[in-house]
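> quick one: sequence plus predicted model below, questions after.
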Amino acid sequence: MKKIASILVATSLVTAFMLTGCGDSNVTYKDGTYEGQSSVYESEDGSDDGNGYGVVTITIENGQITECTYQTYEVDGTLKGEDYGKEDGRIANKDYYNKAQKANAACAEYASMLVANGQLDGIDAISGATINYNEFVEAVENALEEAKE
């Protein structure tokens, strides 16, 4: 019985911590639409794999995140869309193209998770889209910084 009580207390504490988030629970946000951009990522190995930056647009209503879009761009500002991962307009390396498109699809998932969760805490990186995740977190933090009251 003591063990069950201990588990319930621990679960309650974890739940309370998750609901308040890791940050300042007293932060409030102004209603409106805010944009945040990550810094430019450039791979350390000199390749172009994943290079670029992310841009998030967040809508806040009644202090809550109600909408979010997230897109990633090449260093030159080209949107990473359905051609991302192609070389000269064609699929030269199917594995690379599929990996690039998986990372690209994760952008919409990250945006949906933010709206559903209401905060960054609790949103984990999607396998194969870690660079996009790091850019997403930075871009969201920048947008929310603008939205603070």
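The structure has been received and is ready for your questions.

> any weak-confidence spans in the chain?
For the chain, the stretches with pLDDT under 70 are 1-25.

> and the strands in it?
Along the chain, counting by DSSP state E, strands occupy 32-37, 53-61, 64-73.

> which one of these is the most hemmed in?
For those, the largest average neighbour count (mean count of other CB atoms under 10 Å) is found in strand 53-61, namely a mean of 20. In short, each C-beta sits where N, CA and C put it, glycine included.

> what strands flank that one, and is each parallel or antiparallel?
In the sheet, strand 53-61 lines up against strand 32-37 (antiparallel), strand 64-73 (antiparallel) (DSSP bridges).

> residue 143 is in contact with residue 58, correct?
Yes: with contacts counted by CB atoms under 8 Å, residue 58 reaches residue 143, the gap being 4.8 Å.

> which residues do the two both contact?
34, 35, 36 (CB atoms under 8 Å, 6 or more residues apart in numbering).

> and which of those is nearest to residue 93?
residue 36 (32.1 Å; CB to CB).

> quick one, what contacts the closest one?
55, 56, 58, 138, 139, 140, 141, 142, 143, 144, 145, 146.

> the first one and residue 140 touch, don't they?
This points to residue 55. No: in this structure residue 55 lies outside contact range of residue 140 using CB under 8 Å: 10.6 Å.
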